[in-house]
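[1] Make a model of this:
(one chain, ligands or ions: 1)
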Amino acid sequence: MPASTAERQIILITGANGGIGFDTAALLASVSPRNHVIVGSRNTTKGEAALEQIQDKDPKGTASLVQLDADDDASINAAVQHIKQDFGRLDVLINNAGICKETYDGRWPSREDLRAEFETNVFGPTVLSAALLPLLRQSKAPKIINVSSGLGSISRCLATPDKSPYGAIVRVPGYRMTKSALNMLTAYQYQQLKDEGFKVWSYCPGFVITDIGRDREARKNMNGCDSSETSAQGILEIIEGQRDEEVSQFLQKYGKRYDW
Ligand SMILES: NC(=O)c1ccc[n+]([C@@H]2O[C@H](COP(=O)([O-])OP(=O)(O)OC[C@H]3O[C@@H](n4cnc5c(N)ncnc54)[C@H](OP(=O)(O)O)[C@@H]3O)[C@@H](O)[C@H]2O)c1
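    Model (predicted):
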């Protein structure tokens, strides 16, 4: 028996047509009849394919699709209206959509690439979260998860190589700066909204096999590169309340945490 809207937990995931976003949408829809997952996808065809894949697995929960381009205010506003009409509220926002235009070769990023990365990774989550506040305020337990990266940890970047060899050398400075900025969004959102009962986290999904680095095949053979299903599991644990004590912090999966 499907749960009524009042009983359901309404969850929006941006960039949910592929990678970590898709695995998270599929997992959250599968685990509980309470969960309704809204698959955010900037490309409707890709979004429909993702939704079909989720529904084909006969999940316990339910799922639907919304067109959502984090770079486009008209798309954001239309998505907010759509969610308002269908559900009247949002319980969990997962700002997952992200890009990296750089190629790890040590070149400094162009202004164009910096603008694109900041647009999607920082401006999108900031504008979308603000537009969704009225719907999140209708929730009894509103949560925002900003999908960041350990590459945005400033202390990790400054750590000596013996403490953080990987953190110090990955040469995507623009991308790294966007994730540091996203972390500030997390801290700021928490400060502004905690008294209204909001819980906010930054979350690093770990180094996983997806399309983000345009090196999916190479990643499969890289030491320490996990399946993106492990990233989804970490998000499930946050939503289920297992990381509530660490609200406002910069979480990793497997119960770990980064310094900012
Ligand atoms: N993979 C890793 O090792 C890793 C590590 C740390 C953090 N992360 C973070 O994890 C998040 C998900 O990345 P991923 O690894 O799953 O990468 P991915 O496989 O490239 O997936 C990214 C998703 O974001 C979507 N997207 C890109 N630009 C968008 C926009 N303007 N509006 C809406 N959606 C947009 C993509 O849609 P299209 O299909 O239309 O391009 C895709 O669905 C990102 O924030 C990334 O920074 C990843």
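[2] so which strand or helix has the residue of the stretch 51-200 of the chain at minimum distance from the ligand?
    Closest contact between the stretch 51-200 of the chain and the ligand, by C-beta to the nearest ligand atom, is at Gly98 (2.3 Å). C-beta: built from backbone N, CA, C; applies to glycine. Using DSSP states H and E, Gly98 maps to neither a helix nor a strand.
[3] so how far is Asp73 from the residue sitting nearest the centre point of the chain?
    Note on the chain: the residue nearest the mean C-alpha position is Asn96, at 2.2 Å, using C-alpha atoms, centre = their mean. According to C-beta to C-beta, to the nearest Å, Asn96 stands 19 Å off from Asp73.
[4] if we can go back for a sec, mind checking how far the residue of the stretch 51-200 of the chain closest to the ligand is from Thr5?
    Gly98 sits 30 Å away from Thr5, taking C-beta to C-beta as the criterion.
[5] So for the two, which residue has more residues nearby?
    Gly98 (28 against 12; other C-beta atoms under 10 Å).
[6] circling back to that earlier point, next up, the contacts around the residue of the stretch 51-200 of the chain closest to the ligand.
    Gly15, Thr120, Asn121, Val147, Thr178, Ile212 (C-beta atoms under 8 Å, 6 or more residues apart in numbering).
[7] Can you give me the neighbour number for the spatially closest residue to the second one that is not a sequence neighbour?
    What that stands for is Thr120. Leaving aside its chain neighbours, Thr120 sits nearest to Ile99 (4.8 Å; criterion: C-beta to C-beta, 6 or more residues apart in numbering). For Ile99, the count of nearby residues is 19 (other C-beta under 10 Å).
[8] same thing with Val127?
    Val127, neighbours per other C-beta under 10 Å, totals 17.
[9] For the ligand, tell me whether the lowest-mean-pLDDT helix or strand in the chain is touching it.
    Every helix and strand in the chain was compared by mean pLDDT, DSSP states H and E; the lowest is helix 165-169, with a mean of 73. No: Helix 165-169 lies out of reach of the ligand by C-beta under 6 Å from any ligand atom, never closer than 11.4 Å.
[10] Give me the contact list for the very next helix or strand once past that helix.
    As assigned by DSSP H and E, the chain's next helix or strand after helix 165-169 is helix 173-193. Residues outside helix 173-193 that contact it (C-beta under 8 Å, 6+ apart) are 95, 98, 100-102, 108-109, 113-114, 117-118, 121-122, 125-126, 129, 133, 142, 144, 146, 148-149, 151-154, 157, 170, 198-202, 247-248, 250, 260.
[11] and the helix or strand where His82 lies, what does it pack onto?
    Assigned by DSSP H and E, His82 belongs to helix 73-87. Here helix 73-87 touches strand 9-13, strand 35-41, strand 62-67, helix 124-136, going by 3 or more C-beta pairs under 8 Å, 6 or more residues apart in numbering; DSSP states H and E.
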